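Structure here, sequence nowhere to be found:
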């Protein structure tokens, strides 16, 4: 079974996901060709190799070729995805991510998802980031996706319509039932698009599970910080081990905690774990949860880092003041 693990030690954004996938082996030229199957024009997808704290990484840019892009609502974006020649699996997951984004924005602005309006520039970025990430994971033939608990920054985020606190309200709305922790870093570390991608795609948010590493990729964040502003993607094969009389694949946690009284049993060493089979009766654990080589990339090689902010996608209710959504 192939596992993809997003190690989010410096947060996550849509472009960081794409960069990590390309760095881990997704062919960039084919990625561009697949994204071209959508009826979205006026942009160019660019890939650069760079470094963060001497660690090689991939930086993805969405360059607009036209000064103006049409404003798009949720229905418009869902239709763009539906009209593409992408596989049904990629279409459905991409739609789910956008519905999660729109639902969060609607909750923040006290409106409905149908009335959420994605600002012109950011909508293109979000479409490329979301669909590209879903397609890239499908291309790697990943069976299960996990992520680390998410670090969040603090301070304030300057956007087109004012200043809002970090994490962005939409980000926190998306991350209901997802484990997060504060870092004290004065920056936006987890963006709404990055949060929505992992909230929809990740099976759970846990420490790195046991796996045989096959590929590792690093996607660059746009801000240059003291720490390496990177998203690490680890792709590998799970392995089974006999622990305490049970056949285990990987440790795991629950997004929702539960307990049962049908029967009790104990486990030998190891924190959390995953079973190859489900118990017919329920059980509980103290403090631990459970849940029953590559083509060459065509990127330009640059030995420098780019110091600029995340592009932002602004969402707003058509009849209200509005806030932003970062990639």
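It's in. Because the structure is a prediction, the values reported are computed rather than measured.

Could you use CA atoms for every contact and neighbour count after this?
Noted.

Contacts only, for the closest residue to residue 234 other than its chain neighbours.
Spatial nearest neighbour of residue 234, excluding adjacent residues (CA to CA, 6 or more residues apart in numbering): residue 216 at 4.6 Å. Taking CA atoms under 8 Å, 6 or more residues apart in numbering, we find residue 216 in contact with 23, 24, 232, 233, 234, 235.

Specify the beta-bridge partners of the fourth one.
So that's residue 233. Counting by DSSP bridges, residue 233 forms beta bridges with residue 6, residue 217.

mind starting the numbering at 41 from now?
Done: numbering now begins at 41, and the last item shifts to residue 273.

what about the longest helix in this protein?
In the chain, with assignment by DSSP state H, the single longest helix is helix 128-149.

in its sheet, what does the helix or strand that that helix is followed by sit against?
As assigned by DSSP states H and E, the chain's next helix or strand after helix 128-149 is strand 156-158. When pairing is defined by DSSP bridges, strand 156-158 lines up against strand 112-113 (antiparallel), strand 352-357 (antiparallel).

which one of those has the lowest average pLDDT?
When those are compared by mean pLDDT, strand 352-357 comes last with a mean of 46.

Can you add pLDDT and give the contacts of residue 256 back as TSV?
Output for the contacts of residue 256, formatted as TSV (pLDDT from 0 to 100):
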residue	pLDDT
63	99
64	99
272	99
273	99
274	99
275	98
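
tell me which of those is nearest to residue 104?
For these, the minimum distance to residue 104 (CA to CA) is 23.1 Å, reached by residue 63.

list the contacts for that closest one?
With contact taken as CA under 8 Å, 6+ apart, residue 63 is in contact with 97, 98, 256, 257, 258, 259, 337.

which one is it nearest to, not counting chain neighbours?
Residue 63's closest residue in space is residue 257 (CA to CA, 6+ apart), at 4.3 Å.

close enough to count as contact, that neighbour and residue 99?
No: judged on CA atoms under 8 Å, residue 257 makes no contact with residue 99 at a distance of 11.3 Å.

Could you check which of the two is surrounded by more residues?
Neighbours around residue 257 and residue 99, counted as other CA atoms under 10 Å, are more numerous at residue 99. The numbers are 29 against 25.

On the three-state scheme, the more buried one is what?
Secondary structure state of residue 99, per DSSP: H, G, I helix; E, B strand; the rest coil, is strand.

Which pLDDT value belongs to it?
Predicted confidence (pLDDT) for residue 99: 98.

residues shared between the contacts of residue 257 and residue 99?
Between them, residue 257 and residue 99 have residue 59 as joint contacts when contacts are counted by CA under 8 Å, 6+ apart.

returning to that earlier point: output the contacts of residue 256 as a markdown table; include the columns distance to residue 265.
Converted to a markdown table, the contacts of residue 256 look like this (distance: CA to CA, whole Å):
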| residue | distance to residue 265 |
| --- | --- |
| 63 | 20 |
| 64 | 23 |
| 272 | 16 |
| 273 | 20 |
| 274 | 22 |
| 275 | 26 |
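
related to what we said a few turns ago, ok, so of the contacts of residue 63, who is nearest residue 68?
Each of the contacts of residue 63 was checked against residue 68 using CA to CA; the closest is residue 337, at 5.6 Å.

so where does residue 43 fall, helix or strand?
strand 42-47.

Touching, residue 156 and residue 147? I think so.
No: look at residue 156 against residue 147 with CA under 8 Å: they stay out of range, at 10.2 Å.

Tell me which of those two has more neighbours.
residue 156 (27 against 15).

Let me know the pLDDT of that one.
Residue 156 is given a pLDDT of 88.

That one and residue 213, how far apart?
Taking CA to CA, to the nearest Å as the measure, residue 156 falls 15 Å from residue 213.

what does residue 149 give?
Distance of residue 149 to residue 213, given as CA to CA: 11 Å.

one step back: quick check: mean pLDDT across the strand holding residue 43?
Strand 42-47 comes out at a mean pLDDT of 98.

Toward the C-terminus, what is the element adjacent to it?
helix 54-63.

Now do the helix or strand following that following helix against helix 54-63, angle only.
For helix 54-63, the following helix or strand on the C-terminal side (DSSP H and E) is helix 68-75. For helix 68-75 against helix 54-63, the angle by axes from the mean of the first three to the mean of the last three CA atoms, to 10 degrees is 130 degrees.

Tell me the buried residues in the helix or strand that helix 68-75 is followed by?
Counting by DSSP H and E, the next helix or strand C-terminal to helix 68-75 is strand 83-92. Going by neighbour count (16 or more other CA atoms under 10 Å), the buried part of strand 83-92 is 83, 85, 86, 87, 88, 89, 90, 91, 92.
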